[in-house]
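Asks: Generate a structure from the sequence data that follows.
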Amino acid sequence: MIKEFKNFVMRGNVLDLAVAVIIGGAFGKIIGSLVNDILMPLIGLMMGGVNFSALSITVGDAVVAYGAFIQAIVDFLVIAFVIFMIVKSASKTKKEEPAPAPAEPTTKDCPHCFTEISIKATRCPNCTSELK
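Replies: This next block holds a predicted model:
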């Protein structure tokens, strides 16, 4: 069972996925900082000094922090746009591989009985005719 688990973990797809998750987590922190520390203060400044993280309303005893929701939406939009640009640029650089050449035939038809035989055959095994 341990050997099967080791084979599963060492497959290329699992390792690629693990690396992608780790890089994605680090990328998420970078984008979060970009949005929270750079973009949102500038957007708030353009909107008359609004601090989005402080936006909230109180309904009874509950505090609805809709500013944090707005920041999460901006986070998502920035991350989605950056991933779109990465995928778009990666697809441009991806080289199309030429189609593989067709394989050489390994069989032929007997001209007398039309049975499929090896291309190296000198006599048909079905009708015993000599082949040229």
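
Asks: Just give me the residue right at the centre of the chain.
Replies: The chain has residue 87 as the residue nearest its centroid, 8.4 Å off, counting by C-alpha atoms, centre = their mean.

Asks: State the distance from that one to residue 38.
Replies: 24 Å (C-beta to C-beta, to the nearest Å). No exception for glycine: its C-beta is placed from N, CA and C like everyone else's.

Asks: How about residue 120?
Replies: Plainly put, residue 120 is 72 Å away from residue 38 if you go by C-beta to C-beta.

Asks: Quick one: low-confidence residue ranges for this structure.
Replies: 9, 12 (pLDDT under 70).

Asks: All the helices of it, in order from the start?
Replies: Along the chain, the segments classed as helices by DSSP state H run 2-10, 12-33, 40-46, 66-93.

Asks: Could you dump those helices into a markdown table with distance to residue 125 added?
Replies: Shown next, in a markdown table, are those (distance: least, C-beta to C-beta, whole Å):
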| stretch | distance to residue 125 |
| --- | --- |
| helix 2-10 | 44 |
| helix 12-33 | 45 |
| helix 40-46 | 80 |
| helix 66-93 | 52 |
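
Asks: These: which one's closest to residue 107?
Replies: Taking C-beta to C-beta, helix 12-33 is the member of these nearest to residue 107, at 35.8 Å.

Asks: Mind listing what's buried along the closest one?
Replies: Within helix 12-33, the residues scored as buried using 16 or more other C-beta atoms under 10 Å are residue 31.
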